[in-house]
Structures are given as structure tokens and as C-alpha cells.
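Enquirer: model the following, please.
(one chain, ligands or ions: 2)
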Amino acid sequence: MEMNGVTKVWSVDNDVENQPSCAQIVDAARFLREGAVVAFPTETVYGLGANALSNEAVEKIFTAKGRPSDNPLIVHIGAWDQLSTVASEVPEKGKKLMEAFWPGPLTVILPKTDQVASLVTAGLDSVGVRMPDHPIALALIKEAGVPIAAPSANRSGRPSPTTAAHVLADLDGRVAGVVDGGATGVGVESTVIDVTQDPPMILRPGGITREQMEPVIGYVELDPSFQVGAAEAPRSPGMKYTHYAPEGEMWLVSGECEKVRGKMEDMLQQAKQHGQKTGVLATEETAPFWQSHASVDVVLVVGSQSDLEGVAQQLYAVLREFDDQEVQYIVGETFPRNGLGMAVMNRLEKAAGGRVLSV
Ligand code: TXA
Ligand code: MG
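Expert: Ligands and ions are numbered 1, 2, ... in the order given. Got it, this is the predicted structure:
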């Protein structure tokens, strides 16, 4: 049985588009076709894939991850002709988005067909679909010949994996295999947008920004639950769970630069006095200050305030590193919410479990 089995690792060069039938892809695709669960790289994070048309296969994803069964999965397609297998209808604005951003980090919620396994959609009559922009993912899905349901390949609640090593840290022995294609590029998950309503609504901010979509389809709504302190329950089932969280207690502090620093110092000093191992999620700009600070044990740099793409790419690896170093109390700074900053701040707020202070 897979749960205590051996996880096979296929190492694949990132240029499989030049050799689409390479032996490892063929082998991994056979596992998928036979109903096993296989992790693979996408341009956002690693996914944990199974045949989206088979409840028996998809059930193994939920078991391996420890994922609540009311949280639906994204279906990945490798070619345009697979779209009609999973979606019964594509509204005009959905079409425009796909043409503009597929393959890419955008998941579009559409009315589902009967062929999609009921476990994939957690009983909803809609399905999230995306075509990932990664040569290995595309080659693997095409070779498998079926749409592939794939959530992020982490244990439920943990930060999403951006390397095969992260996948193995969470799922070794619990899944049939991992295709190792190196580190992923975008670093945060795809944007989830519901086009079954008009105007369409962003259910999860991600790799494609609101600023990129509005020139293509006009005004786009945001799930009201994103507003800080919002009382609304999120529309996307997955967004209500604690996610992306390090083991340590994490806090975010936002506000005017010097006040933020002062507040962070107070908090870290107190934690230190209570005997906790302390950490700061810093940027290149602030790291030198914290590195020489008596109250801080571990300083991890997530990138530069002026490069949100770099921050998105590093974010999950840094959150996992706090765990590896057994940091118990973490304080981080915040980022502007424009562009990719909306996704970065959404993940940080979840990692902090809502512990956000404004000074
Ligand atoms: O970048 C990504 O999207 C990665 C890679 C592997 O493709 N996948 C990913 O999947 O992040 P997952 O399962 O971790 O997140 C899927 C999100 C959840 O928040 C889920 O609730 C939402 O998409 N979702 C899926 N189907 C939905 C539906 N029919 N209606 C509303 N939300 C849906
Ligand atoms: Mg996930």
C-alpha cells in the first residue's frame, strides 16, 4: 500500500519539450494512468496529481495530504482539447482569460461535466481548471492522456512545496512518486477566478494579478473576505483553512517603518525573555539591522521590498526553513498589496493565522 511504500523519484531535465517522450515522463504517466498519485512541478508550486476522472485515484490524494474532503481540487489540462472533458460550458470572459493567460498560473472556475470525479469538486457543480506553464507538467499530462487533479503537494496546512525535496519532506512513503524538475518559478499558487458570475470574482489571489486581468475582461471583483478584519466567510472552500503555516507562532507588523521596527524589537525581546527561539522574516533592506540584534536568533531573507516576484518565489522555502531551524516565535514585515503583493500578503496573513498588528 502506498502509505508506507517507497516513493519513486524521477529526475527530469527542464527541457522535456525537446524530448517529450523521455523515459521518465512515460513511466510517471503510466503510474498516473494506473490510478497512482504522482507529484510533479508546475510553474507555481509542486502539485500532487491523480486521474481527475477516477474517484478511486483522487481519493488517494486526500489520504496522502490529510486534506479535508470538502476542499475541491484544481484540474490540470495539458492541451486545449481536454477542456471539454471537464468543463460543460465556458463563459465569454473565461475564454478571454484563457486565451490571454494559458498556459499560466490562472485557475478558472467553470461549470463541470459529469466525467469529473465527484471527489475532485467536493460535490460542487463547478470545477477549477488550469493549463500549467511548465514543460514537465504539460508533457506528463499529455502522456497520461487524462486531465489531472492536483492540489499543492504538501501535507495539509503546511507551506506549499517549491522543490522536490519539500515534497519528500512532507510525503515520502505516502505517494507513489515524484517527478523532480528543480525549483518552481512563480513560487505562490495560481490565481483562482470564478467566471460563472459576472463580474468575475477572484477567490484566491495568485500568480496572475488583478492588474493583468482587468485590461482583458474589465472590472474584476475580489472575494470580500480578503479585506483585513472581514467577517465574511471565503467563497473558495480552501481559503477558510489555516494554510502555509510554519510550526512557530508568527506575527506580522505593518505601519510606518521606524514604528514597525520598534514594535518588532519589543515583541522579539519579550519572546526571548520567555526562552523562545526567535526569528525575523526580513528583506534585504532590513536584514543587516536584525542580523546584529541581541533578541534575534535566526534572520531569514525573503527578498527585496522592491522585487515582489523574488519574494513570492522564496516565500514558502523561507517559511519551511523556520521550521527546520525550530524557530518558535517569528516576526515579519509586510509588503505592498499591489500586483503580486496581493498574493504574497494573503499567504503571509494565513501563515500568521491572522496575527497582524498595525502600528
Ligand atoms: O498553483 C496552483 O494552483 C497549485 C498547482 C499545483 O497547480 N495548486 C493548488 O491547488 O494550489 P490547491 O488544491 O492547493 O488549491 C486549490 C484552491 C483551493 O483554495 C480550493 O478551495 C479552490 O482552489 N477551488 C478548487 N475548485 C474550486 C471550485 N469549484 N470552486 C471554488 N474554489 C475552488
Ligand atoms: Mg494548497
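
Enquirer: show me the residue at the heart of this protein, geometrically.
Expert: Glu189 (3.3 Å; Cα atoms, centre = their mean).

Enquirer: check contacts around it.
Expert: By Cβ atoms under 8 Å, 6 or more residues apart in numbering, the contact set of Glu189 is Thr44, Val45, Pro105, Ser152, Ser160, Arg204, Gly206, Gly207, Ala343. Backbone N, C-alpha and C define where each C-beta goes, glycine included.

Enquirer: helix or strand right after the helix or strand containing Val192?
Expert: According to DSSP states H and E, Val192 maps onto strand 191-194. Downstream of strand 191-194, the first helix or strand assigned by DSSP H and E is strand 201-204.

Enquirer: quick one: contacts of the helix or strand following that next one?
Expert: From strand 201-204 onward toward the C-terminus, using DSSP H and E, the following helix or strand is helix 210-217. Contact with helix 210-217 is made by 93, 96-97, 100-101, 106, 191, 193, 200, 202, 220, 222, 338-339, 342, as judged by Cβ under 8 Å, 6+ apart.

Enquirer: now, among those residues, which is nearest to Arg33?
Expert: Of all the contacts of helix 210-217, Leu106 has the smallest distance to Arg33: 26.7 Å, by Cβ to Cβ.

Enquirer: what's the closest one sitting at in phi/psi?
Expert: Main-chain torsions, Leu106, degrees, to the nearest 10: phi -130, psi 120.

Enquirer: I'd say it and Asp194 touch.
Expert: No: applying Cβ atoms under 8 Å, one finds Leu106 not in contact with Asp194, separated by 12.0 Å.

Enquirer: who has more neighbours out of those two?
Expert: Leu106 (25 against 22; other Cβ atoms under 10 Å).

Enquirer: phi first, then psi, for Val299.
Expert: Main-chain torsions, Val299, degrees, to the nearest 10: phi -110, psi 120.

Enquirer: which ones are touching it?
Expert: The contact partners of Val299, taken as Cβ under 8 Å, 6+ apart, are Gly279, Val280, Ala282, Ala287, Trp290, Gln291.

Enquirer: if we use 7 Å, what do you get?
Expert: Val299 is in contact with Val280, Ala282, Ala287, Trp290, Gln291, counting by Cβ atoms under 7 Å, 6 or more residues apart in numbering.

Enquirer: for ligand 1, see how far away the fourth one is.
Expert: Using Cβ to the nearest ligand atom, to the nearest Å, one obtains 31 Å as the distance from Trp290 to ligand 1.
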